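> here's a sequence, model it:
(2 chains)
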There are 2 protein chains.
Amino acid sequence: MKNPLILVSNDDGFRSEGIQALTKAMQGLGQVIVVAPDSEQSAASHALTLHRPLRVYKHSDSIYSVDGTPTDCVTLAIHEILKKKPDFVVSGINRGANLGDDVHYSGTVSAAVEGALSKIPSVAFSLVSWGQEKPIFNSAAHYAKKIMKKVIQEGLPRGVTLNVNIPNLPLKQIKGISFAKLGKRNYEEVIFEKIDPRGRKYFWIGGDDRTFDDIPTSDGNMIQKKMVSITPLQTDMTHYLQLEEMKGWKF
Amino acid sequence: MKNPLILVSNDDGFRSEGIQALTKAMQGLGQVIVVAPDSEQSAASHALTLHRPLRVYKHSDSIYSVDGTPTDCVTLAIHEILKKKPDFVVSGINRGANLGDDVHYSGTVSAAVEGALSKIPSVAFSLVSWGQEKPIFNSAAHYAKKIMKKVIQEGLPRGVTLNVNIPNLPLKQIKGISFAKLGKRNYEEVIFEKIDPRGRKYFWIGGDDRTFDDIPTSDGNMIQKKMVSITPLQTDMTHYLQLEEMKGWKF
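Modelled structure (predicted):
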């Protein structure tokens, strides 16, 4: 495909270092348009804003922001800002992993899935930096470019999103690219209970320190091996095996 | 299972007519605890609130509300309020359909999926009432009870959520229960462009009038036949077929 139209979005906001690194990486590959949230929307998941109007801000001919979620951004980009379907949607580079079950919570992944739901090949990129660790975006950008080049060349079947996680390491220390299934998170949810200045209890859902089950072919294990992990995701959530099972249920 | 602990949540808020109908329907089946959002959270999807603290309000020994999303409610219920895993999570009854691709946006479905991610058998119930149509919750409650009875009896494999949609019809007009796969939404996204009192443009993402592809075994088609539709959902979003395909990619 010659000079494809690439829509770039994320959940950390249009000013974030990660989206700037991704935009720069994409610029050699086609025409790049950024439509991303005004402010950080982490763990926004696939939320769509229906209860209030949305504003679109134009910062340059190729950079727009929206006062909404990642899904709002991709929806407005396709139907209003671009007035046509982009050839690819890329999302990221998220500061923080999106591995295993956590794809369900991720705004970064949801922006890409929204593309896939609109039948556009889509890829989400996340940097596996934990807590206050300094993010090394140039390694991630290097791999984002390499992977997108391949995606443009090979294409993706309708409805498929790629979920890419890149170790937070200098380029030389990364061992290469792997294909992996989603792992399983250990659900030791950390909830912090605190008391406010007025003596009332409040709760904070925490935990950047999530751990994963040890599954040899999973994304989490690939990251531990210092490899880039690529997982294809499906948008059809039907559990076909269970559907067959249930046909025996009598009411 | 004798007297199971059933956690009830939703995305329309703990005061909504739908959750009251569902709570009542569950009361014959086990011990029922409601933990639901304070206010309407429709299209909140699987959002998790990480950027601010959350408050829990106790309204009675069995009714709590949280100033957060459906996913926050289920997380706090399991780890703080109940201090143990419930035997089942049920979510709804949502006012409005959650069919096909729309499961990705639905707070009602996400509350149930959050249960499944924590290895708890979970079911989401939605009433297929469109726009300003008067919702008929008693038919939906009748089927919610019937289906949960069966789920308690048969059990569900780990990680499976059932997504149930019930036609908005008087009980006598409903033709029975069917098992169906998720359909595909027609992505004719409606975006309304308007001008505010200060002359600035704004956008509203609309469309309660979504249409679905005609797929004989899909949930949308079952609803059109006036049947209750049950779709088992998986939490593992890995596209295994594409994963095999991609192993041929060389970088």
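> what's the average pLDDT for the longest helix along chain A?
Under DSSP state H, the helix in chain A containing the largest number of residues is helix A:137-154. For helix A:137-154, the mean pLDDT works out to 96.
> so does it get close to chain B?
Yes: contact of helix A:137-154 with chain B (Cβ under 8 Å from any Cβ of the partner chain) involves A:Lys146, A:Ile147, A:Lys150, A:Glu154. Heads up, the C-betas are built off the backbone N, CA and C, glycines and all.
> just put these in CSV and tack on distance to B:Thr49 and neighbour count.
Putting those into CSV (distance: Cβ to Cβ, whole Å; neighbours: other Cβ atoms under 10 Å in any protein chain shown) gives the following:
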residue, distance to B:Thr49, neighbour count
A:Lys146, 35, 14
A:Ile147, 32, 22
A:Lys150, 37, 17
A:Glu154, 38, 12
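> closest to A:Leu162 among those?
Using Cβ to Cβ, the shortest approach to A:Leu162 within those belongs to A:Ile147, at 7.4 Å.
> does that closest one touch A:Val123 like I think?
Yes: with contact defined as Cβ atoms under 8 Å, A:Ile147 and A:Val123 form a contacting pair (6.8 Å).
> can you pull the pLDDT of the residue lying closest to A:Tyr240 once chain neighbours are set aside?
Counting by Cβ to Cβ, 6 or more residues apart in numbering or on different chains, B:Lys181 is the residue found nearest to A:Tyr240 once chain neighbours are left out, at 7.1 Å. pLDDT, B:Lys181: 97.
> ok, now which ones touch B:Lys181?
Each residue near B:Lys181 by Cβ atoms under 8 Å, 6 or more residues apart in numbering or on different chains is listed here: A:Asp236, A:Thr238, A:Tyr240, A:Leu243, B:Ile215, B:Thr217, B:Ser218, B:Asp219, B:Thr231.
> mind checking how far A:Gln224 is from A:Asp213?
Remark: distance between A:Gln224 and A:Asp213 (Cβ to Cβ, to the nearest Å) = 12 Å.
> correction: the previous question concerned A:Tyr105.
Counting by Cβ to Cβ - A:Tyr105 and A:Asp213 are separated by 17 Å.
> same check, this time on A:Lys194
Taking Cβ to Cβ as the criterion, A:Lys194 is separated from A:Asp213 by 30 Å.
> please enumerate the strands of the stretch 51-200 of chain A.
Listed from the start of the chain, the stretch 51-200 of chain A has strands (DSSP state E, counting those that start in this stretch) covering A:56-60, A:63-66, A:88-95, A:122-128, A:161-167, A:177-179, A:191-195.
> could you export those as a markdown table, including distance to chain B and mean neighbour count?
As requested, the strands of the stretch 51-200 of chain A are arranged in a markdown table below (distance: least, Cβ to the nearest Cβ, whole Å; neighbours: other Cβ atoms under 10 Å in any protein chain shown):
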| stretch | distance to chain B | mean neighbour count |
| --- | --- | --- |
| strand A:56-60 | 7 | 12 |
| strand A:63-66 | 9 | 22 |
| strand A:88-95 | 13 | 30 |
| strand A:122-128 | 12 | 29 |
| strand A:161-167 | 8 | 28 |
| strand A:177-179 | 5 | 19 |
| strand A:191-195 | 5 | 11 |
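> of all the ones you listed, which one is nearest B:Lys250?
The stretch from those with the least distance to B:Lys250 (Cβ to Cβ) is strand A:177-179; that distance is 9.8 Å.
> for A:Ser139, give me its contacts.
Shown here is A:Ser139, whose contacts under the criterion Cβ under 8 Å, 6+ apart are A:Ile166, A:Pro167, A:Asn168, A:Leu169, A:Pro170, A:Leu171, A:Ile174.
> correction: A:Ser62
So, once contact is read as Cβ under 8 Å, 6+ apart, A:Ser62 ends up touching A:Val32, A:Ile33, A:Val34.
> does the second one count as helix, strand or coil?
Just to be clear, that refers to A:Ile33. Three-state call for A:Ile33 (DSSP: H, G, I helix; E, B strand; the rest coil): strand.
> low-confidence bits of chain A, can you list those?
Where chain A drops to pLDDT under 70, the residues are A:41-44, A:187-189, A:207-210.
> neighbours of the residue nearest to A:Arg185 when sequence neighbours are not counted, just the number please.
Distance criterion Cβ to Cβ, 6+ apart; nearest residue to A:Arg185, sequence neighbours excluded, is A:Asp101 at 4.5 Å. Per other Cβ atoms under 10 Å in any protein chain shown, the neighbour tally for A:Asp101 reads 22.
> same deal with the one 10 residues further on?
Burial of A:Ala111 is recorded as 36 neighbouring residues (other Cβ under 10 Å).
> also A:Pro70?
Taking other Cβ under 10 Å as the neighbour definition, A:Pro70 ends up with a count of 34.
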